[in-house]
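Colleague: Below are the sequence and a predicted model; questions follow.
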There are 4 protein chains.
Amino acid sequence: MRTGIDSPDGRLGIVMPGLGAVATTFIAGVEAIRTHGAQPIGSLTQMGTIRLGKRTENRCPRIREFVPLAPLDDIAFGGWDVYDESVYESARNARVLDAALLDSVRPQLEAIRPMPAVFDPAYVPNLEGRHVKTQADAMSRVEAVIDDLRRFRQEHGCTRLVMVWCASTEKYLERQDVHATLDAFEQGLRDNHPAIAPSMIYAYAAISQGIPFVNGAPNLTCDIPALVELALKTGTPIGGKDFKTGQTLMKTILAPGLQARALGIRGWFSSNILGNRDGLVLDHPDNFRTKEVSKLGVLEDILQPELSPELYGDLYHKVRINYYPPHGDNKESWDNIDIFGWLGYPMQIKINFLCRDSILAAPVVLDLALFIDLAKRAGMSGIQEWLSFYFKSPQTAEGLRPEHDIFRQLIKLQNTLRHLMGEDLITHLGLDYYQELVEAL
Amino acid sequence: MRTGIDSPDGRLGIVMPGLGAVATTFIAGVEAIRTHGAQPIGSLTQMGTIRLGKRTENRCPRIREFVPLAPLDDIAFGGWDVYDESVYESARNARVLDAALLDSVRPQLEAIRPMPAVFDPAYVPNLEGRHVKTQADAMSRVEAVIDDLRRFRQEHGCTRLVMVWCASTEKYLERQDVHATLDAFEQGLRDNHPAIAPSMIYAYAAISQGIPFVNGAPNLTCDIPALVELALKTGTPIGGKDFKTGQTLMKTILAPGLQARALGIRGWFSSNILGNRDGLVLDHPDNFRTKEVSKLGVLEDILQPELSPELYGDLYHKVRINYYPPHGDNKESWDNIDIFGWLGYPMQIKINFLCRDSILAAPVVLDLALFIDLAKRAGMSGIQEWLSFYFKSPQTAEGLRPEHDIFRQLIKLQNTLRHLMGEDLITHLGLDYYQELVEAL
Amino acid sequence: MRTGIDSPDGRLGIVMPGLGAVATTFIAGVEAIRTHGAQPIGSLTQMGTIRLGKRTENRCPRIREFVPLAPLDDIAFGGWDVYDESVYESARNARVLDAALLDSVRPQLEAIRPMPAVFDPAYVPNLEGRHVKTQADAMSRVEAVIDDLRRFRQEHGCTRLVMVWCASTEKYLERQDVHATLDAFEQGLRDNHPAIAPSMIYAYAAISQGIPFVNGAPNLTCDIPALVELALKTGTPIGGKDFKTGQTLMKTILAPGLQARALGIRGWFSSNILGNRDGLVLDHPDNFRTKEVSKLGVLEDILQPELSPELYGDLYHKVRINYYPPHGDNKESWDNIDIFGWLGYPMQIKINFLCRDSILAAPVVLDLALFIDLAKRAGMSGIQEWLSFYFKSPQTAEGLRPEHDIFRQLIKLQNTLRHLMGEDLITHLGLDYYQELVEAL
Amino acid sequence: MRTGIDSPDGRLGIVMPGLGAVATTFIAGVEAIRTHGAQPIGSLTQMGTIRLGKRTENRCPRIREFVPLAPLDDIAFGGWDVYDESVYESARNARVLDAALLDSVRPQLEAIRPMPAVFDPAYVPNLEGRHVKTQADAMSRVEAVIDDLRRFRQEHGCTRLVMVWCASTEKYLERQDVHATLDAFEQGLRDNHPAIAPSMIYAYAAISQGIPFVNGAPNLTCDIPALVELALKTGTPIGGKDFKTGQTLMKTILAPGLQARALGIRGWFSSNILGNRDGLVLDHPDNFRTKEVSKLGVLEDILQPELSPELYGDLYHKVRINYYPPHGDNKESWDNIDIFGWLGYPMQIKINFLCRDSILAAPVVLDLALFIDLAKRAGMSGIQEWLSFYFKSPQTAEGLRPEHDIFRQLIKLQNTLRHLMGEDLITHLGLDYYQELVEAL
């Protein structure tokens, strides 16, 4: 192993605010993988390979064999939720995984019960919190979370923890003064400032303890200067925001492809139907607003209409989410893309994705937890932009345009791993393969 | 301009075997762009930009402002066809472009009449050739084409020529001894060997004169050792095969995206309906076979099932093309993709592309002509793998796996341009943007 | 011709409130049919046939050869609009028909200019009326419309008039006391009652003069007891409401088909994108509400969940309309239907309709105008339920469930025509064809 | 009960050549319905209602409460197959129904074992028959089947039998002299004539014994004069051919709807993917040909292009079936319909049906068995055209055009039931509801 990366020996604890469909699908899946050989499909860390050296060397190890990641057998799970149900009960209610699969790991899932959640009804109007922390002010709730972390680490014998936000989307919030500096933020915690969301309390608690934090929802959370400052101070890696799944995943695949060929886009209409708890929360306009902002930015950042106004200057982009109970967790999306080519002639692309939200999200939780733990052990701190690959709305340094193109994000991720391990970066130039032919003449 | 690339001053002649829907849409479009400001949408050379340096430098020139390409105003067009119609008549029959647009450039299009084609009914059973070369043997037909080229260059005052195959697909042909060496091939030309297809006669004629050759159909053509040898000898760049448009374009966008996220694929069913002359030719099983081989290889080369058997080992891939006259040139494709994620749970993606075949192909002809002329002026010869971006079935050096992933192809193309112009290659690593934040503490 | 139906000799005037996309597409189309043989596709009266007698008689005349309808050459057009544009200008702005087609009948279209409209901004918040009647109270506006009708009839030498509402949807309105009796309504006209919508003023004016009235939008309009009473008193046929086109047309085709086979339906999600003026009006929640009520009732009335609760008792039905400018008048709809069969096993049907709103509506205007004129000449008055075939939300007698099944509606229409002309009604029993075989033994 | 219909008392035996996916889904379903209340969704006899009298009478009984049908509890099942597997084993292999459901009725399904089949490899090249009758000539095989029927009736204590062909499609066969008369056919049986298919041997055996016969595949079978003659002679009802499910079901719903509105159709492209045994059999061109003929006739018979050449004269209709193993029994169909409206303007309808073949077919087997048993008890014999509702390619009297419009088929079926039970036929005229309003004035 390369000098400078601490070994992953010892147990890693993954703790998650929100033990709903995503977190329980993740936990149950890892248990099924550990106990009876289910496959961690969709996980780059477990299934993905990485090419090293020249094409002709044929070096393509699995990523988990290339970089020193925590093995699946050395992980403990925990979390917080507003419903006092075991992971088994919660997974049954989510109806993502088959009953038979859940029953095969029932004891492990029943053993995991949520700690009381930090909850504020102003941030999630469509849910009712019952299993919640009762401390009066924000700073006391921070301390309660830190206590939870300490107790969890001890009880499960963990040498390291990472925290991943897996709860629903909080209502829309813009950056304010209280978010601008660490001092202002800590004063806000003491003052119970209304612009400090529950997710920020979790993030502050984790980061203050040097525990890496990942945000899987579109809320601001750690995407504020105060918490970036704290992360750099405490040497803690952070990342976010909003797990990239379903329709946005497709969008960040397709848009770079159309742009690659300089095809114009006049309109992109995206519609979703879904019937799970997430759909119910997003039925409230305040929460949908947060999601909409996260979803709309994608195209503009990829297509950069200011560089190509003839192609993307008049793009009309609309996103709709419709609550439709008959589908449950089986989100279905429909995209209509009005493109134009040579001389402006119009064409249409229509995509219908019959997807499963939590099935796509679960391996993302796994990869992010393992990679951010790696980052910590490699001494990286602050925003981990190389993890943009996993996010709908990647957090970047102030003034740096986020990269949404999933293929550039992947190269960034892979070249970061190569860089960490002392391998050559790959540029895909490849003229050398042909030079020798010329020289051979 | 960087030392070592000759200037594009003087007129470039683009000559095309096959003046059907694709070539006439290309020619009429360039004329419309020259005379009344139509937009060359879909052309990377004309509309695309390229990022140079660091993200924060904001250097993103148009490609045509970055590398020294032939300007659109300095291009002459010519070609060969089995039908003795002017480009105006042929374009009217193809029904791709509006009558009004064609009429706006009618004199220019009427001035272009096809030279008699090299034709062999054994290679295109569903077409009847009437305007054809009558020389008895293959070598004499080669000489007739070389005469055509000499005359064209003189008549149009061209300093340089490039040849782009825009005709229909020839019947399926496997490599044989006659293709193995230049000597064997030239003997075959003299012997009128049946495995020397008409497209090879054009290619040999061009390459022997140092004229760059591009193959837009899936026929073998210049993808044989004999012609690669000739290209290296005469210092001629060559490229192929099969313009990447429509369904395969989408496939090389989508498959890398799914693979990036380690999602499994169990089945991919692709169906097409189209009603143009190409559809008629492909209705013959021998010709469809050539196309099918070109289309089927794509997924295997992208997904590399030998590296990820759990994800892609059982992939069932089927491609169907159906002749359907009501649609004319408006090809429509439908893809059903059976994917699976976390723990093997199945999902489906369905894509319906209402496309226009020749509208997508025309800018590809333009880009390839301009880039291969650039390659010639830059002293590059033989296979131009950096142009894989434009091909369904990229020609590569012996033993080198073709790269089908459109995003890697794009990086290869862009880094080649950067390399030619002495700019830094881009790796998307970008850790430096964050290093300074850490150091600032 | 059958006794009791007056001859259609003399000129028929068709006058329409709302000279927008639908009305101008209708008028321009009839002019094109009259002057250069365009085809009235989509019009049952012009293109449809009707089977008479036994199957073996092979009697299938065109409907227009079977019943005495006004010939297209004897029709004059007029109307009202809030924009003071000629039909030519309005049709150009609507962008439904090609410029070339419109120019071929330009003089006829320019000759038709709208009369000032009855307008009330409270009923159409998203439009601004400029070319409007200025009379202070409702009754005076009624009289102004009656004056318009008198003048139109005289100027165009019409022997008969019919009025067809072709304007946009008014805001949602429920029945109130002022609509309950003719006396109350007329008092309301004098009192300028706010629950008397502009469309009711047109309807009252027409019906009071014995002029048949058809309502092509989902507004209440003549679907109130007061105006039914007036229609019976003055011997005037009336019909409505809401032209059946696009998605609802498909729904009334498909739902009876699924029900015919006793297949269950769990969910039906309907989404639309359209970018014309109608789309803009429907972007206002009050106006969408009127449309939504009209669209939602369809399924319940066809499926009758109270009779088949196991099949349709839990049906979740949702309809969304999204304003999407890139599509213009080319409405596109997408339906997802979750059905279930034998033992409850689920299946899905997905329908994507790339339709043209006004192209579907124009022949409906023609048929309704001709048929309701026939009804008038046949001495029929009040609600013409046999015209349900053309409406999303058919007006019926008090207490009578509307029939939405398009196939029953068609049989009703055809048997009504057979009845009017003294032909046998058709029951599709057909046992007699086989009886003779048995008897022959 | 109405005079003239025998009572359904006593047990009905349903025997089926072909115990594959369709038959086993049917049998297992009926067992599940009998033992634990599963729902016979998709069965008109069990779930459907029928309106009687005037709309205002509100008389809508279930069909099974209106006509005297055999109750589900009095049915026994049997059959023949080339594979010697119990119905349980065969159903497991078919993978249509869940393992849990099959296990819930396992003893009943295991008790049903196939009798050896009449098999001829010339008629089903893609299958290999192992459990087959070994009699040398056709007439002896007829007698073997009659023996089977006698034994089955006795063993299961049945008072009545019906036979339903549920096996795969036989290869394409045109009518020949041997099919023209009963005498010629019986001579052919004795001579072992090659144009007598296995399905005809079953049909002859059943009909000769007065056992009603239904043909669920597109083979000729009983659609030949010889067997119609036999059916009339023995007083036996017969019906066919080809269960109407999936894509053709949709086609017979949609085409009448478009025709009702006089919309033109230029092209209809139908593509299917399926991966079950049926798909494998249909992968052989001879068998696909039989299916294709059955599928293609539908549109022409509904649209009657000779009556409306402007609308349907140029219709291009193409049907493709593609074997695609990843989908198993979950057939998926895709239709593209190019329609045109007012003045010829084009529109498109695209339908994607994610269906389950056997789930749609099983209730059709049930209904046909019960209705043809009713016909027998009602003294009806020969072709039962009122059952056209259930067939892709309805068998009719010589010279009578088949009716494919599913809505007319339904009215025919319902009016036949009303006629049998002495109820008024329904014409949907309904003018009487309004007459009273006029008279009340």
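Modeller: Cool, got the structure. Numbering: from 1, shown residues only, chains lettered A, B, ... in the order given.

Colleague: Pull the contacting residues for residue A:110.
Modeller: A:86, A:87, A:88, A:89 (Cβ atoms under 8 Å, 6 or more residues apart in numbering or on different chains). Every C-beta, even on glycine, is put in place using the N, C-alpha and C of the backbone.

Colleague: So which of these wins on neighbours?
Modeller: residue A:87 (28 neighbours; other Cβ atoms under 10 Å in any protein chain shown).

Colleague: That one and residue A:94, how far apart?
Modeller: For residue A:87, the distance to residue A:94 equals 10 Å [Cβ to Cβ, to the nearest Å].

Colleague: Over to residue A:377?
Modeller: From residue A:377 over to residue A:94 (counting by Cβ to Cβ), the distance is 32 Å.

Colleague: now do residue A:328
Modeller: Counting by Cβ to Cβ, the gap from residue A:328 to residue A:94 is 9 Å.

Colleague: which of these two has more neighbours?
Modeller: Shown here are residue A:328 and residue A:94; by other Cβ under 10 Å, residue A:94 has more neighbours (22 against 17).

Colleague: which phi and psi does the more buried one have?
Modeller: Backbone torsions for residue A:94, taken as degrees, to the nearest 10, come to phi -70, psi -30.

Colleague: And the longest strand seen in chain A, what does it pack against?
Modeller: Counting by DSSP state E, the longest strand found in chain A is strand A:264-274. Judged by 3 or more Cβ pairs under 8 Å, 6 or more residues apart in numbering or on different chains; DSSP states H and E, strand A:264-274 is in contact with helix A:246-260, helix A:285-303, helix A:309-312, strand A:316-323, strand A:332-340, strand C:264-274, strand C:316-323.

Colleague: who wins for proximity to residue C:194 among these?
Modeller: strand C:316-323 (26.3 Å; Cβ to Cβ).

Colleague: follow-up on the earlier one: any shared contact partners between residue A:87 and residue A:94?
Modeller: Joint contacts of residue A:87 and residue A:94 (Cβ under 8 Å, 6+ apart) are residue A:24.

Colleague: So for the residue nearest the centre of chain A, what's the pLDDT?
Modeller: Among the residues of chain A, the one closest to the centroid is residue A:243, at 3.3 Å (Cα atoms, centre = their mean). Per-residue pLDDT puts residue A:243 at 95.

Colleague: Please tell me how far it sits from residue A:291.
Modeller: On the measure of Cβ to Cβ, residue A:243 and residue A:291 end up 12 Å apart.

Colleague: cool, and residue A:68?
Modeller: Counting by Cβ to Cβ - residue A:68 and residue A:291 are separated by 36 Å.

Colleague: Comparing these two, which shows the higher neighbour count?
Modeller: residue A:291 (24 against 19).

Colleague: who's in contact with the more buried one?
Modeller: By Cβ under 8 Å, 6+ apart, the neighbours of residue A:291 are A:169, A:218, A:242, A:282, A:321.

Colleague: Show the contacting residues for the residue lying closest to the second one once chain neighbours are set aside.
Modeller: If I follow you right, that is residue A:218. Spatially, and ignoring its direct neighbours in sequence, residue A:218 is nearest to residue A:294 (3.6 Å; Cβ to Cβ, 6 or more residues apart in numbering or on different chains). Listed by Cβ under 8 Å, 6+ apart, the contact partners of residue A:294 are A:218, A:241, A:242, A:392, A:393.

Colleague: Out of those, which is nearest to chain D?
Modeller: residue A:392 (27.4 Å; Cβ to the nearest Cβ).

Colleague: contacting residues for the closest residue to chain D within the stretch 251-400 of chain A?
Modeller: Here the residue of the stretch 251-400 of chain A nearest chain D is residue A:352; by Cβ to the nearest Cβ that distance is 7.3 Å. Taking Cβ under 8 Å, 6+ apart as the contact definition, residue A:352 lies against A:332, A:333, A:334, B:349, B:350, B:351, B:352, C:350, D:352.

Colleague: hmm, 7 Å instead?
Modeller: Applying Cβ atoms under 7 Å, 6 or more residues apart in numbering or on different chains, we find residue A:352 in contact with A:334, B:350, C:350.

Colleague: quick check, it in a strand?
Modeller: Yes. Assignment of residue A:352 by DSSP: H, G, I helix; E, B strand; the rest coil places it within a strand.

Colleague: So what pairs up with it in the strands?
Modeller: residue A:334, residue B:350 (DSSP bridges).

Colleague: And it, how far from residue B:256?
Modeller: For residue A:352 relative to residue B:256 (Cβ to Cβ), the value is 20 Å.

Colleague: residue of the stretch 1-150 of chain A with the smallest distance to chain C?
Modeller: Counting by Cβ to the nearest Cβ, the stretch 1-150 of chain A gets nearest chain C through residue A:95, at 13.8 Å.

Colleague: Give me the neighbour count for that residue.
Modeller: Residues near residue A:95, counting by other Cβ under 10 Å: 15.

Colleague: Could you say which helix or strand holds the residue of the stretch 51-200 of chain A found nearest chain D?
Modeller: As assessed by Cβ to the nearest Cβ, chain D sits closest to residue A:100 within the stretch 51-200 of chain A, at 9.1 Å. In the assignment (DSSP states H and E), residue A:100 maps to helix A:99-104.

Colleague: model confidence over that helix, on average?
Modeller: 94.

Colleague: Give me the distance from it to the chain's centre.
Modeller: From the chain centre to the centre of helix A:99-104 is a distance of 26 Å (Cα atoms, centre = their mean, to the nearest Å).

Colleague: Show me which positions of whatever helix or strand comes next after that helix end up buried.
Modeller: As assigned by DSSP H and E, the chain's next helix or strand after helix A:99-104 is helix A:106-110. For helix A:106-110, burial by neighbour count (16 or more other Cβ atoms under 10 Å in any protein chain shown) applies to A:106, A:108, A:109.

Colleague: pretty sure residue A:314 is touching residue A:264, no?
Modeller: No. Counting by Cβ atoms under 7 Å, residue A:314 sits too far from residue A:264 to count as a contact (8.8 Å).

Colleague: So for the two, which sits in the more crowded spot?
Modeller: residue A:264 (26 against 14).

Colleague: Who does that one form a beta bridge with?
Modeller: residue A:340.

Colleague: among the helices and strands packed on strand A:264-274, where is the model least confident on average?
Modeller: helix A:285-303 (a mean of 81).

Colleague: Would you mind saying which of the helices and strands packed on strand A:264-274 lies nearest residue B:304?
Modeller: Among the helices and strands packed on strand A:264-274, helix A:246-260 sits nearest to residue B:304 (Cβ to Cβ), with 18.2 Å.

Colleague: anything in that closest one near chain C?
Modeller: No. Helix A:246-260 stays clear of chain C (Cβ under 7 Å from any Cβ of the partner chain), getting no nearer than 13.9 Å.

Colleague: buried residues in that helix?
Modeller: Buried residues in helix A:246-260 (16+ other Cβ under 10 Å): A:246-260.
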